[in-house]
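Asks: Structure for the following, please:
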Amino acid sequence: MNANVNHPDWHPGRPTRFGLFISPIHSPRENANLALHRDTELIKHLDWLGFDEAWIGEHHSTGWEFISSPEVFIGHVAAQTTRIRLGTGVVSLPYHHPYHVAQRIVLLDHLTRGRVMLGLGPGALAEDALQLGIDPMDTRARLEVGLGAIMALLAGERISRETDWFTLKDAKLQLLPYSPDLEVAVTATFSPTGARLAGKHGCSLLSLTATQEKSTSLLSDHWRVATEHSHEFGQSVNRKNWRLVGPMHLAESEDEARRDVSYGLGNWAHYMTKIASLPVIPEGLTSTEDMARALTDTGYAVIGTPDQAIKQIERLAQSSGGFGTFLLWAHDWASREATSRSYELFARHVMPVFNRYNASLIESEAHSKASAAQLISQSAAARQKATTDYAAAQTRPLKKSG
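Replies: The predicted structure is shown next:
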């Protein structure tokens, strides 16, 4: 029985699973080797804290996001973790032959015995595509064609496809997935492309810009598109498999959290606005204090306490109509120690509010409080009786032996 259903604060639209989306974003002025190993240690820490999953991205330019193969990284970190699920967040499908993508994820599925997820997208950085001789305007069309081939291959079909990008001739995977329901997710940002493809193929939906003002207003529309297309193509989609991504940094107080992010928020803002061309912070802001205020005032990020994180997730559940997993977007806003502490606060104080692991404990506490007055009087009476009985026994004459 699911105890959540009987809890007065529980409803199906709230997420019950939590994880991390690791692009990653690291300054090119820091030691890249250490950054990669720090990402490995972070996922091991998340595994220990009880997070459900971690997604690792693929990028090839800009100098900031430098994991080029999420599959290789997953293979490395899977051997050092025990339970956390690991996803490609995401493989930029237009850059790869779909047959190879399918083969690699199947191999990882077997090696991890079912702990991997395949996330696919068109590629986020135009420079990545241009370096590979691909017109960025073609990437979404390639995603659609490639996704169709991958879904057929993972289903064990033998297929032939001829495109201007790849060729498959009577092709079939010789090794099929270990998982009978290997999860495939498609990214969604502002356009309806990802939602449409998720519905068409019955895939999960991964909303990467869920907290941006423009995107938040589109969340319910995206789910409507996914649902409509799933009906059209005889598929099904489930809100439990919908993931929303947003950045947070938590501390014991809001003031402490704002002090923490003075460490690296400026670097992140520089990358997002000047290099990745994502204007999440207004032009002209120079102090990290103003940047932090802008991010929180718009609802894009939480830089504050676990209570504020809870309110943000509740807001997203309301605006989306309900989703299954919230992914914190990893960043280097704070020092390694403060960042680790932030994830621990999230695990200790935010996750239990939604996954209700503590529901039975809270109910037990409430029951005890309600019975406290009666139990106290009963305990006092029992102690008094024991004292009286002992005193009476001391006054009785001892029996003579023999």
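Asks: what's near enough to touch Ala203?
Replies: Quick fix: residue 203 is Cys, not Ala. Contacts for Cys203 (C-beta atoms under 8 Å, 6 or more residues apart in numbering) come out as Leu147, Met151, Val184, Ala185, Val186, Leu197, Val237. Any C-beta I mention is one placed from the backbone N, CA and C, and that applies to glycine too.
Asks: Filter these down to the ones in strands?
Replies: The strands, defined by DSSP state E, take in Val184, Ala185, Val186 from the contacts of Cys203.
Asks: about what we covered before: of the contacts of Cys203, just the buried ones, ChimeraX syntax please.
Replies: Of those, the buried ones go into a single ChimeraX selection, burial set by 16 or more other C-beta atoms under 10 Å:
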select :147,151,184,185,186,197,237
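Asks: got JSON lines for the contacts of Cys203, with pLDDT and distance to Glu58 too?
Replies: Formatted as JSON lines, the contacts of Cys203 follow (pLDDT from 0 to 100; distance: C-beta to C-beta, whole Å):
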{"residue": "Leu147", "pLDDT": "98", "distance to Glu58": "16"}
{"residue": "Met151", "pLDDT": "98", "distance to Glu58": "20"}
{"residue": "Val184", "pLDDT": "98", "distance to Glu58": "16"}
{"residue": "Ala185", "pLDDT": "98", "distance to Glu58": "14"}
{"residue": "Val186", "pLDDT": "98", "distance to Glu58": "15"}
{"residue": "Leu197", "pLDDT": "98", "distance to Glu58": "18"}
{"residue": "Val237", "pLDDT": "96", "distance to Glu58": "24"}
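Asks: quick check, nearest of the contacts of Cys203 to Ala226?
Replies: Nearest to Ala226 among the contacts of Cys203 is Val237, at 5.0 Å by C-beta to C-beta.
Asks: pretty sure that closest one is touching Gly199, no?
Replies: Yes. Contact status for Val237 versus Gly199: in contact at 5.8 Å, counting by C-beta atoms under 8 Å.
Asks: how about the helices in the stretch 201-350 of the chain?
Replies: Taking DSSP state H, counting those that start in this stretch as the test, the helices found in the stretch 201-350 of the chain are 213-216, 219-232, 254-261, 265-270, 288-297, 306-320, 336-345.
Asks: What score does Pro12 have for pLDDT?
Replies: Note for Pro12: predicted pLDDT of 58.
Asks: Asp9 too?
Replies: Predicted confidence (pLDDT) for Asp9: 43.
Asks: And His96, by the same measure?
Replies: Reported pLDDT for His96: 98.
Asks: in the stretch 1-150 of the chain, which spans are helices?
Replies: Going by DSSP H, counting those that start in this stretch, the stretch 1-150 of the chain shows helices at 32-49, 70-78, 98-111, 126-131, 139-154.
Asks: ok so, going back, please identify which of the contacts of Cys203 is nearest to Arg17.
Replies: Among the contacts of Cys203, and counting by C-beta to C-beta, the member closest to Arg17 is Ala185, at 13.1 Å.
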